[in-house]
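Peer 1: Please work out how this folds:
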Amino acid sequence: MPALPRVIALIVAGGRGARAGEGLPKQFRQLGGMPVLRRTVLAFLRHRRVDEIRVVIHEDYRSLYDHAVAGLELGEPIPGGATRQESVAKGLTALGEQQAVVLIHDAARALVPRSVIDRCLDALAKGAAAVVPALPVVDSLRRGSSTLIDEVERAGLLRVQTPQCFDLTAIRALHDRLADGEFTDDAALAMRGGLEVATVEGDEINLKLTTAEDFERAEALLRAHRSTRTGFGFDVHAFEKGDHVWIGGVRIPHGRALQGHSDADVALHALTDALLGAIAAGDIGDHFPPSDPQWRGAPSSLFLEHARSLVEQRGGRIEHVDVTIICEAPKIGPHREAIRARIGDLLRLDLTRVSVKATTTERLGFTGRGEGISAQAIATVSMNEIP
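Peer 2: Modelled structure (predicted):
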């Protein structure tokens, strides 16, 4: 299959509609524990074939936008227009002159599956000028209002979804040429401009969120597609001269310190690796190389918070963590509740979801000889796995 040029997702999030409730535009309402817009952006951010993501917003909602996408690597948002059509046109103009394909997507379709995006891109790669995902109409159709008048033949009728996909230069030129027209979507504009629009199979899960009932259905779909992952972490540090150790984010007085490039917090290091393992994001050394001088003496709380943010960015939720600290000394028991509380704060978890234990090796091995401390950690993370 021929390779595509650069792939850009243009997410249109400039609407003001608040029919879904909570007094907010629907793109900023919560869905599955995060704003709708964030979940939509993540669907494209996680897709291996998408190179860039830009979002078109209403300028009045800049603070809501900043909160919704905090921590995500995105370009500057694009100010939209008075209508969806104007917003798309402004977004296309802002992308500039480059060889690319653009996937124009409604922010309110937060559950777009990877498979739908792939089908669209595959069709473009095979030579289609424009592609939209669509589903056949399966319900019986009638004309009428308070009473039924006549039947509508449903054969050949389609429910069109987004992303709607085009060559960037071609669709931008059509928006410029047909700016005075009024079109329901970009596919309609493209057809008026003479482009043949191909269809690929859409997905029922790719629903558009408009009403409170739509949100209830989406929440149920997320629950149905939720999976559980488990990650394991292990770390060890040797003793050196000093008068305290950091364990679980708590400073504990001791006759020696732990040797390490950072603060050598063996418990937080193990827990960081457990979280990274649960989302298959490498290990602590990949994110914070010991060869990098900026991490010399750094508090390990930074590492754990980074791992937590990665879980959140991927749509995950930390359900439970369990840490076992292995040493002869210092005694962990007097500090266990403080460690639990610190880990709970760093991971934003209730204490009922944080377990901290301590044990010895009955004076066997390096920990038994008092040469250092080791720790093991297990993290349980739930993820929304939209196919």
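Peer 1: Now do the longest strand anywhere in the chain, average pLDDT.
Peer 2: Scanning the chain for the longest strand, with DSSP state E as the assignment, gives strand 226-241. What strand 226-241 shows for mean pLDDT is 95.
Peer 1: Give me the buried positions along it.
Peer 2: Residues 226, 229, 231, 233, 235-237, 239 are the ones in strand 226-241 that count as buried (16 or more other CB atoms under 10 Å). Heads up, the C-betas are built off the backbone N, CA and C, glycines and all.
Peer 1: Repeat that for stretch 341-359.
Peer 2: 341-344, 346-347, 349, 353-356, 358.
Peer 1: For that stretch, measure first residue to last.
Peer 2: 19 Å (CA to CA, to the nearest Å).
Peer 1: And stretch 353-366, by the same measure?
Peer 2: Using CA to CA, the end-to-end distance of stretch 353-366 comes to 31 Å.
Peer 1: how far out from the middle of the chain is it?
Peer 2: 35 Å (CA atoms, centre = their mean, to the nearest Å).
Peer 1: Touching it from outside, list them.
Peer 2: Residues external to stretch 353-366 that are found in contact with it (CB atoms under 8 Å, 6 or more residues apart in numbering): 236, 238, 248, 267, 318-328, 331-333, 336, 339-340, 343-344, 347, 367-369, 372.
Peer 1: how about the helices of the protein, start to end?
Peer 2: Using DSSP state H, the helices of the chain run over residues 36-45, 62-68, 84-94, 114-125, 168-177, 186-192, 212-224, 266-278, 284-287, 301-313, 336-347, 365-368.
Peer 1: most packed of those helices?
Peer 2: helix 266-278 (a mean of 28; mean count of other CB atoms under 10 Å).
Peer 1: So which elements touch it?
Peer 2: Other helices and strands packing on helix 266-278, by 3 or more CB pairs under 8 Å, 6 or more residues apart in numbering; DSSP states H and E, are strand 226-241, strand 244-247, helix 284-287, helix 301-313, strand 316-326, helix 336-347, strand 372-384.
Peer 1: which strands and helices sit next to the first one?
Peer 2: Taking 3+ CB pairs under 8 Å, 6+ apart as the contact definition, the neighbouring helices and strands of strand 226-241 are strand 256-258, helix 266-278, strand 372-384.
Peer 1: got a list of contacts for it?
Peer 2: Strand 226-241 has contacts (CB under 8 Å, 6+ apart) with 256-260, 264, 266-267, 269-279, 316, 319, 366, 370-385.
Peer 1: follow-up on the earlier one: in JSON lines: the helices and strands packed on helix 266-278, plus distance to residue 137.
Peer 2: Rendered in JSON lines, the data for the helices and strands packed on helix 266-278 read as follows (distance: least, CB to CB, whole Å):
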{"stretch": "strand 226-241", "distance to residue 137": "30"}
{"stretch": "strand 244-247", "distance to residue 137": "62"}
{"stretch": "helix 284-287", "distance to residue 137": "48"}
{"stretch": "helix 301-313", "distance to residue 137": "37"}
{"stretch": "strand 316-326", "distance to residue 137": "36"}
{"stretch": "helix 336-347", "distance to residue 137": "46"}
{"stretch": "strand 372-384", "distance to residue 137": "28"}
